[in-house]
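Trainee: give me the fold of what follows.
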Amino acid sequence: VEGHGLSARATRDLKLGDVVLLEEPVLVVTSNDKGDEWKEQLYSKYQALPEEKQQEVWNLHDACLQKPEKSLEGILFTNC
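Mentor: Numbering: from 1, shown residues only. Next comes the predicted model:
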C-alpha cells in the first residue's frame, strides 16, 4: 500500500484459521540457561550458516536500544 511501508493484501476472503504466512526459522537457540550459554549458541549457529544466510539475518531489523550499534542479540530480540 503506497506510503505505508511493507504490507500484504489478501487476494481472496480469508477464513478463521487460514495460514497466511509460514516461515522456517534460520536460527534456533534452545538453551534455557540464564547465563551467556544462549549467546554462545547463537553466535556459533550464526557462524555455521552459509554467508548468504548470514547476510539475510544481518539485514533483519534491530530495535534493541541496549547497544549503540546493530547486534545479533538485538536482531534476535526484535524478530523472534
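Trainee: and Gln47, what is it in contact with?
Mentor: For Gln47, the contacting residues are Gln54, by CB atoms under 8 Å, 6 or more residues apart in numbering. C-beta coordinates here come from the backbone N, C-alpha and C atoms, glycine included.
Trainee: going forward, count from 327.
Mentor: Sure thing, new numbering starts at 327, so read that last one as Gln373.
Trainee: go through the helix or strand it falls within and flag the buried ones.
Mentor: Assigned by DSSP states H and E, Gln373 belongs to helix 363-374. Judged by neighbour count using 16 or more other CB atoms under 10 Å, the buried positions of helix 363-374 are Trp364, Gln367, Leu368, Tyr372.
Trainee: what's whatever helix or strand comes next after that helix packed up against?
Mentor: Using DSSP H and E, the helix or strand that follows helix 363-374 in sequence is helix 377-384. Using 3 or more CB pairs under 8 Å, 6 or more residues apart in numbering; DSSP states H and E, the elements in contact with helix 377-384 are helix 363-374, helix 398-405.
Trainee: next, count neighbours for Leu353.
Mentor: Look at Leu353: counted by other CB atoms under 10 Å, it has 19 neighbours.
Trainee: which one is it nearest to, not counting chain neighbours?
Mentor: Nearest non-adjacent residue to Leu353, counting by CB to CB, 6 or more residues apart in numbering: Lys371, 5.2 Å away.
Trainee: and Gln380, by the same measure?
Mentor: Tyr372 is the one closest to Gln380 (CB to CB, 6+ apart), at 6.4 Å.
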